[in-house]
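Asker: Give me coordinates for this.
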Amino acid sequence: MEKIKVVVAGASGKMGSEALHMIKKHDDLTLVACVDLQHTGQKVSEVAGLPDFDAVFYDDIEVCLTDVEADVLIDLTSPKVGYKHTAAAIKHGVRPVVGTTGFTKEEIDTLSAQCSEQKLGAVIAPNFAMGAVLMMQFSKMAAKYFPDVEIIEKHHDQKLDAPSGTAVKTAELIQETRKQKTQGHPDEHETIDGARGADYDGMRIHSVRLPGLVAHQEVIFAGPGENLTIKHDSLHRESFMSGIKFAIDHVMGLDKLVYGLEHLMMDND
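Answerer: The predicted structure is shown next:
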C-alpha cells in the first residue's frame, strides 16, 4: 500500500501537534515535512512532546513544497498564513486539508477557482469534529420550523477570530432554511455596545473566550411554549482528528474544493 505523504503547517501548535500524533497512529500516512516559524531545520523527533519522525521543520511553505514530494498539506495555522499556505499548496499540486478558520468568501472563491482550474482536490472545514458537523446539520433542519434562534459559541482565549468559523457556517446553513426575520423587540437598544451579539440575517451570534475551554457551541431555538437546544462540546483537540483523517482519505479522490466537512459526510452515506 502506497502511503499518503503529508506536510503539517502549524505543527508546533496544540492542534498541529495533535495532528502529528494522529499521523503516527495510521499506517497509510507518512509525515514528510512540517512548516512552522519555530524549530526550523530540526527533526520532529528532536522537539520535546512530538512523535518520533525524521521529517524536518521548514519556516517557508514555498521552500518546503519545492524540497519535498507531498500529497496533502494539513494547515492548522491562522487565516492570513493559512490562505498563503493553501494557495501555495494548490500551485504545487498538493491537496490542502485546512482547519484554519476566518477565510473570507472572496478568498474561498479564489481558492476554489484555482482548484477547479487544476482539477485538484481541497477541503476547507470550519470544524473537523464530526459531532459539530452533525450539530450544524441538525440546526439547519430545525430552523425551518423554529426561525427564532441564537448561537452561543465558546472557545479558548487564544482564538483570534470571532465569531468562530463554526458559528458563521452554522448561521449560513440556518439561513438556507430559516424564514428571514429580525429578532427581538423593534424598539430594542443596547445600553452597552455589543450586548446583543453580532447580527447575522436577523439572528444573533455570541462569542465567549475563556481559558480552559476548547470548542463549544449551543444553538438555541424558541417557539411558543418550547425551546430546543442543539449543543456540541469538543473536550479535547483529539476530537478533530477523525474528521481530518476522513478529509485526507477523501481529498485524494476530489477534483475541486469542498467547503465544509458535511458535504463529504453526506456523500459518504
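
Asker: Now do the phi/psi pair for Gln158.
Answerer: phi -100, psi 0 (degrees, to the nearest 10).

Asker: Which residues are in contact with it?
Answerer: Under the criterion of Cβ atoms under 8 Å, 6 or more residues apart in numbering, Gln158 has no contact partners. Yep, even glycine has a C-beta here, placed from its N, CA and C like the rest.

Asker: Over to the most far-flung residue of the chain relative to its centre. Which of the three states is it?
Answerer: The C-alpha centroid of the chain is most remote from Asp187, which lies 37.1 Å away (Cα atoms, centre = their mean). Secondary structure assignment for Asp187 (DSSP: H, G, I helix; E, B strand; the rest coil): coil.

Asker: since we're on Ser78, how many residues are nearby?
Answerer: When neighbours are defined as other Cβ atoms under 10 Å, Ser78 has 16 of them.

Asker: One more: Leu257?
Answerer: 24.

Asker: Was I right to think it contacts Ser116?
Answerer: Yes - in this structure Leu257 lies within contact range of Ser116 using Cβ atoms under 8 Å: 7.5 Å.

Asker: Break this protein down into its domains, please.
Answerer: Taking automatic domain parsing as the criterion, the chain consists of the domains 4-124+238-267, 130-235.

Asker: Go through those and pick out the most buried.
Answerer: domain 4-124+238-267 (a mean of 19; mean count of other Cβ atoms under 10 Å).

Asker: Tell me the gap between that domain and the middle of its chain.
Answerer: 11 Å (Cα atoms, centre = their mean, to the nearest Å).

Asker: now the strands for the stretch 151-269 of the chain?
Answerer: 198-200, 203-209, 215-223, 226-234, 257-259 (DSSP state E, counting those that start in this stretch).

Asker: Need the domains of the chain in CSV (columns: mean pLDDT).
Answerer: Listed next are the domains of the chain as CSV, based on pLDDT from 0 to 100:
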stretch, mean pLDDT
domain 4-124+238-267, 95
domain 130-235, 95
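
Asker: Turn the strands of the stretch 151-269 of the chain into JSON lines, columns for distance to Asp60.
Answerer: JSON lines is the format used below for the strands of the stretch 151-269 of the chain (distance: least, Cβ to Cβ, whole Å):
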{"stretch": "strand 198-200", "distance to Asp60": "36"}
{"stretch": "strand 203-209", "distance to Asp60": "31"}
{"stretch": "strand 215-223", "distance to Asp60": "30"}
{"stretch": "strand 226-234", "distance to Asp60": "31"}
{"stretch": "strand 257-259", "distance to Asp60": "24"}
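
Asker: To Ser112, which of those strands lies closest?
Answerer: Nearest to Ser112 among the strands of the stretch 151-269 of the chain is strand 257-259; the distance by Cβ to Cβ comes to 4.2 Å.

Asker: Give me the sheet partners of the closest one and which way each runs.
Answerer: strand 122-124 (parallel) (DSSP bridges).

Asker: contacting residues around the partner strand?
Answerer: 86, 89-90, 95-98, 103, 108, 111-112, 115, 247, 250-251, 254, 256-261, 264.

Asker: 7 Å - rerun?
Answerer: Contacts to strand 122-124, defined as Cβ atoms under 7 Å, 6 or more residues apart in numbering, come from residues 90, 95-98, 103, 108, 111, 115, 247, 251, 257-259.

Asker: Show me which of those is closest to Ser78.
Answerer: Closest to Ser78, out of all of the contacts of strand 122-124 and judged by Cβ to Cβ, is Phe103, at 10.7 Å.

Asker: On the three-state scheme, that closest one is what?
Answerer: Under three-state DSSP, Phe103 comes out as coil.

Asker: heads up, I number from 12, so please use that
Answerer: That works, and once the first residue is 12, the last one we named lands at Phe114.

Asker: who's in contact with it?
Answerer: Counted by Cβ under 7 Å, 6+ apart, Phe114 has contacts 90, 94, 135.

Asker: which SS class is Ser56?
Answerer: Classified using three-state DSSP, Ser56 is helix.

Asker: swap that for Met33, please
Answerer: helix.
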